[in-house]
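Chemist: Below: sequence and its predicted model.
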There are 2 protein chains.
Amino acid sequence: MYSLLKNIEIFKPLSNEALERLAAVSKRVEHQKGAILIYADKIEPYFYILESGIARAYSDGENQQITFWFGQSGAVLFSFNSYINNSPGYENIELLENCSLIQIRLTDLFSLYDQHLEIANWGRKIAEQELIATERRLIDRAFKGAAERYQDFLDQSPELIKRVALKHIASYLGVTQVTLSRIRAAHK
Amino acid sequence: MYSLLKNIEIFKPLSNEALERLAAVSKRVEHQKGAILIYADKIEPYFYILESGIARAYSDGENQQITFWFGQSGAVLFSFNSYINNSPGYENIELLENCSLIQIRLTDLFSLYDQHLEIANWGRKIAEQELIATERRLIDRAFKGAAERYQDFLDQSPELIKRVALKHIASYLGVTQVTLSRIRAAHK
DNA sequence: TTCATTTTTTAACATTTGTAAAATGTTGCC
DNA sequence: GGCAACATTTTACAAATGTTAAAAAATGAA
């Protein structure tokens, strides 16, 4: 029953046959705002696609918590280390709103990667898209000041500004909350 | 004739059959120190694996050049945007020493991805490993000061310190050359 | 609404890092 | 060796950002 997946952007390039194979191991789940779907230092067995709601990934430091990823509808959500190296991760993933998600067990997904050419290439493209977005951010940190990064964030993710606490956005942008406040004050 | 590839780390997980398919589209090339293998703003048709020598990727800004990647023996080397989105990239890749490389035409590689399950999954893992390394660096920028990042670089890439100009290492670490000099002076 | 809690802003000051320019060191070539 | 080109360090000063603490504003629950 692939109708579950058919309308989600990330699945659109797939043939009906591939979709059915994925649908057979997919399950829709709902979780509440505040739920932690992925814990750092644990091997997490699931891969998720966010259908609705928003989430953030963060790591805990000694006296701070750094948010380094936001996910919106259509985003893939998983523990990088669990998925890639079968080892405990560094990120916690917290839902910032009530969310609806597609859940796939990693062992099922890996088994499809080993059986199904089209799905293997779909998985390749997921990693590639995450890669290019992550490197883009690393380079932007070098070339752009904090104020410009904030403006870019406003332009590219206008919904997130409304729905996410500024303290999370500050650490995502690589500045303290105080600095972000200063940027916003200067902006008016 | 897959002996060309057999001893290179990145090819080791592959079966002989997959290696032969890759070897059939691979070619060993040599380039001199200073050569630019990948140009920003161009769609680059090749994918390389570095056999010997070192290289760096950099982007040009208005009054600066930022190095954001170093490759050593075994590294994969390509224009992310050309490879992933078939569009011009943002990085130049320069050889910092005379290098020996394996060259594969992207169209040949993509064609193998579409035909060969094992090679598709090999390509998936390449992207995944790059992804996790890149995100790791982004997070380290948030949690570690410049001095600690320098120390980590020393620990993890002792050869590069000897062979690469400090100005390139400075921008790789996300600081100016003056700051790196100060860190090195304090370090003694 | 009212109270308690949390988030955001503001202020004052400290620290880090950047900028520009000069001084020093290094490399390769004639 | 000696010169030229380039890399690295040092210095003085400027700008950006961090830290701490407090005030103001927003949010959520009773």
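Modeler: Sure thing, it's come through. Residues are numbered from 1 along each chain as shown, chains lettered A, B, ... in the order given.
Chemist: so where's chain A uncertain?
Modeler: Within chain A, the ranges that satisfy pLDDT under 70 run A:1-3, A:188.
Chemist: got the residue ranges for the strands in it?
Modeler: Using DSSP state E, the strands of chain A run over A:26-31, A:36-38, A:46-52, A:55-60, A:65-71, A:76-77, A:92-95, A:99-105.
Chemist: Quick check: buried residues in the first one?
Modeler: When neighbours are counted by 16 or more other CB atoms under 10 Å in any protein chain shown, the buried residues of strand A:26-31 are found to be A:26, A:31. Backbone N, C-alpha and C define where each C-beta goes, glycine included.
Chemist: Could you list every helix and strand in contact with that strand?
Modeler: For strand A:26-31, the elements it packs on are helix A:3-6, strand A:99-105, judged by 3 or more CB pairs under 8 Å, 6 or more residues apart in numbering or on different chains; DSSP states H and E.
Chemist: So which of these is the most surrounded?
Modeler: strand A:99-105 (a mean of 19; mean count of other CB atoms under 10 Å in any protein chain shown).
Chemist: now what about that strand, what contacts it?
Modeler: A:4-5, A:8, A:22, A:25-31, A:33, A:35, A:37, A:45-55, A:77 (CB atoms under 8 Å, 6 or more residues apart in numbering or on different chains).
Chemist: try 7 Å
Modeler: Surrounding strand A:99-105, the residues in contact under the criterion CB atoms under 7 Å, 6 or more residues apart in numbering or on different chains are A:5, A:25-31, A:45-53, A:55.
Chemist: is DNA strand D contacted by the longest helix belonging to chain A?
Modeler: With secondary structure taken from DSSP state H, chain A has its longest helix at helix A:117-143. No: Helix A:117-143 does not reach DNA strand D (CB under 7 Å from any atom of the strand); its nearest approach is 10.2 Å.
Chemist: what does chain A put close to DNA strand C?
Modeler: A:165, A:166, A:167, A:177, A:178, A:180, A:181, A:182, A:184, A:185.
Chemist: Pick the one among those residues closest to residue A:12.
Modeler: residue A:165 (32.0 Å; CB to CB).
Chemist: Return the distance of the closest one relative to residue A:56.
Modeler: 9 Å (CB to CB, to the nearest Å).
Chemist: of those two, who's got more company?
Modeler: Taking other CB atoms under 10 Å in any protein chain shown, residue A:165 and residue A:56 do not tie; residue A:56 has more neighbours (23 against 11).
Chemist: coming back round to it: can you list the strands of chain A in CSV and add distance to residue B:61?
Modeler: Formatted as CSV, the strands of chain A follow (distance: least, CB to CB, whole Å):
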stretch, distance to residue B:61
strand A:26-31, 42
strand A:36-38, 35
strand A:46-52, 34
strand A:55-60, 28
strand A:65-71, 23
strand A:76-77, 31
strand A:92-95, 33
strand A:99-105, 38
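Chemist: out of those, which comes closest to DNA strand D?
Modeler: strand A:65-71 (10.9 Å; CB to the nearest atom of the strand).
Chemist: How about the closest one and DNA strand D, touching?
Modeler: No: using CB under 7 Å from any atom of the strand, strand A:65-71 never reaches DNA strand D; the gap is at least 10.9 Å.
Chemist: mind giving me CSV with the residues of chain A next to DNA strand C and columns for distance to residue A:121?
Modeler: Below are the residues of chain A next to DNA strand C laid out as CSV (distance: CB to CB, whole Å):
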residue, distance to residue A:121
A:165, 38
A:166, 39
A:167, 39
A:177, 42
A:178, 46
A:180, 40
A:181, 45
A:182, 46
A:184, 43
A:185, 48
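Chemist: Return the closest of the residues you listed with respect to residue B:86.
Modeler: residue A:180 (36.4 Å).
Chemist: How about the closest one: what's its closest non-neighbour residue?
Modeler: Excluding the flanking residues, the one nearest residue A:180 by CB to CB, 6 or more residues apart in numbering or on different chains is residue A:170, at 4.0 Å.
Chemist: got the contact list for the one you found?
Modeler: A:176, A:177, A:180.
Chemist: Just the buried ones out of those residues, please.
Modeler: The neighbour count (16+ other CB under 10 Å) marks residue A:180 as buried among the contacts of residue A:170.
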